[in-house]
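Enquirer: what's the 3D shape of this:
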Amino acid sequence: MFTKLKQLPADPILGLSVKFKADSNPNKIDLGAGIYKDEAGNTPVLACVKAAEQFRVDEELTKAYFSSAGSPLFNEKITELMLGADHKVITENRVRTVSTPGGTGALRIAGEFIKTCTPGATIWVSNPTWANHQGVFTAAGLNVKTYPYYDYENKCLDFDGMLAALKEVSKDDAVLLHACCHNPSGMDLNKEQWQQVAELAKNIGFIPVVDMAYQGFGESLDADAYGLRLMADTVDQMVICGSCSKNFGLYRERIGACSIIGNSAVAADIINSVLLSVVRVTYSMPPAHGAALVETVLNSAELTAQWHGELKEMRDRINGARQLLVDKLAENGVTQDFSFITRQNGMFSFLGIDKEQVQRLQDEYSIYIVGSSRISLAGISNDNVDYLTQSIAKVL
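Expert: Residues are numbered from 1 along each chain as shown. Okay, the predicted model is just below:
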């Protein structure tokens, strides 16, 4: 059986990390990895998480299973974080949440759930989108199509193209939307654009699937959830996929959540029964450690306040790196306009350089960037920005 297998290419981003680690250049820079890094290039454990871990060590009495849904307290707290504690879908008891192995697990469960509801369903994703979206939904048995999103030439949102495409979507389809900090473009919908998309979803009847992997990394926890909450105000049914990897720094703990909203409490109970069935045959029980840390932080006023402060520090550093990069490019004689980078949100942006220039940055200067020219702003620091911008100036 195994002799029939053929070698598959490495994941382009993971493969880039392998090359970076093997590079002996002391000036090397990794702008490919989509993880937060501090000024020293480290991805630290948050102090609030350290405190929650100590609490767990002291208080945990068993390693027995939870249910397939995971910790009820985590599910309650993460739902309130995403939607807001007083949102009507919560007060009307119309939302059901399960813990998942990271945000990727949430997306896979969402895909499996949609397939159970409508075998052969189509989900529309933005062009571009996170590289793994298409693979996850295809593996779940969905057909994947794309709608226009980023205007590469003008380096802005192609909202007219997006709206025109979504007007042609079937009511039996699902549409994936990034809640904030769009990966990989950094271009987000504004409030008026969210309103138009929400009204379109309501009028056509397609199912919005909102991926919120970066809540708190854009403007604030509440501002970043604006579109998601507006959509939940507008439509009767939707899917939300959340992740604690970025805003809690829990990358390797793999904890996320999949929330599904029904049009009534009775419908939500039916949804929950199907959701739990999907989970049971996929991974049976979700990981508990990360969920325990998040619920401990969110269940403590003191730790929540500490988390808000640490999250703001991460957000401010990324936003500062955006401005720093633009300023230093100009300082090093680059006349090309890169100001669009400061109008984006989150960790990512396209530099807008071609593949040959990307390859030269890697080969000649040990600067590692995804072939599309997508960069992670978190890899930029005061110590490496001069070398980075001087190198970009040379390849330009």
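Enquirer: could you pull out the helices for the stretch 251-396 of the chain?
Expert: 265-282, 289-298, 301-331, 355-365, 385-395 (DSSP state H, counting those that start in this stretch).
Enquirer: ok, the stretch 1-150 of the chain next?
Expert: According to DSSP H, counting those that start in this stretch, the helices that the stretch 1-150 of the chain contains are 12-22, 47-59, 72-83, 88-91, 102-117, 131-139.
Enquirer: quick one: which of those helices is nearest Met162?
Expert: Ranking the helices of the stretch 1-150 of the chain by distance to Met162, with Cβ to Cβ as the measure, places helix 131-139 first at 15.7 Å. Placement of C-beta: from N, CA and C, glycine included.
Enquirer: which elements pack onto the closest one?
Expert: Packed against helix 131-139 by the contact rule (3 or more Cβ pairs under 8 Å, 6 or more residues apart in numbering; DSSP states H and E) you find helix 102-117, strand 122-127, strand 143-148.
Enquirer: export stretch 53-63 to PDB, keeping only CA atoms.
Expert: In PDB, the C-alpha atoms belonging to stretch 53-63 read as follows (Å, rounded to 0.1, in the frame of the first residue of the first chain):
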ATOM      1  CA  GLU A  53      -0.500  27.800  34.800                       C
ATOM      2  CA  GLN A  54       0.500  28.000  38.500                       C
ATOM      3  CA  PHE A  55      -3.100  28.100  39.500                       C
ATOM      4  CA  ARG A  56      -3.800  25.000  37.400                       C
ATOM      5  CA  VAL A  57      -0.900  23.100  38.900                       C
ATOM      6  CA  ASP A  58      -2.100  23.900  42.400                       C
ATOM      7  CA  GLU A  59      -5.800  23.300  41.800                       C
ATOM      8  CA  GLU A  60      -6.100  20.500  39.200                       C
ATOM      9  CA  LEU A  61      -7.300  17.300  40.700                       C
ATOM     10  CA  THR A  62      -7.900  15.000  37.700                       C
ATOM     11  CA  LYS A  63      -7.000  14.300  34.100                       C
END
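Enquirer: which residues touch that stretch?
Expert: In this structure, residues lying in contact with stretch 53-63 by Cβ atoms under 8 Å, 6 or more residues apart in numbering are His289, Ala292, Leu293, Thr296.
Enquirer: for it, what is the average pLDDT?
Expert: The pLDDT scores in stretch 53-63 average 95.
Enquirer: mind listing what's buried along it?
Expert: Phe55 (16 or more other Cβ atoms under 10 Å).
Enquirer: what's the closest non-adjacent residue to Glu39?
Expert: Ser381 (5.0 Å; Cβ to Cβ, 6 or more residues apart in numbering).
Enquirer: number of residues surrounding the nearest residue to Ala110 once chain neighbours are set aside?
Expert: Excluding the flanking residues, the one nearest Ala110 by Cβ to Cβ, 6+ apart is Val239, at 4.9 Å. Counted with other Cβ atoms under 10 Å, the burial measure for Val239 works out to 24 neighbours.
Enquirer: kindly report the same for the one 4 residues further on.
Expert: Counted with other Cβ under 10 Å, the neighbours of Ser243 add up to 26.
Enquirer: again, but for Ala267
Expert: Residue neighbour count, defined by other Cβ under 10 Å, stands at 16 for Ala267.
Enquirer: so who does it touch?
Expert: Contacts of Ala267 (Cβ under 8 Å, 6+ apart): Arg94.
Enquirer: how near is it to Val274?
Expert: With distances defined as Cβ to Cβ, to the nearest Å, the gap from Ala267 to Val274 amounts to 11 Å.
Enquirer: contacting residues for the residue nearest to Ile255 when sequence neighbours are not counted?
Expert: What sits nearest to Ile255 in space, not counting adjacent residues and going by Cβ to Cβ, 6+ apart, is Gly290, at 3.1 Å. Counting by Cβ under 8 Å, 6+ apart, Gly290 makes contact with Cys244, Phe248, Leu250, Glu253, Arg254, Ile255.
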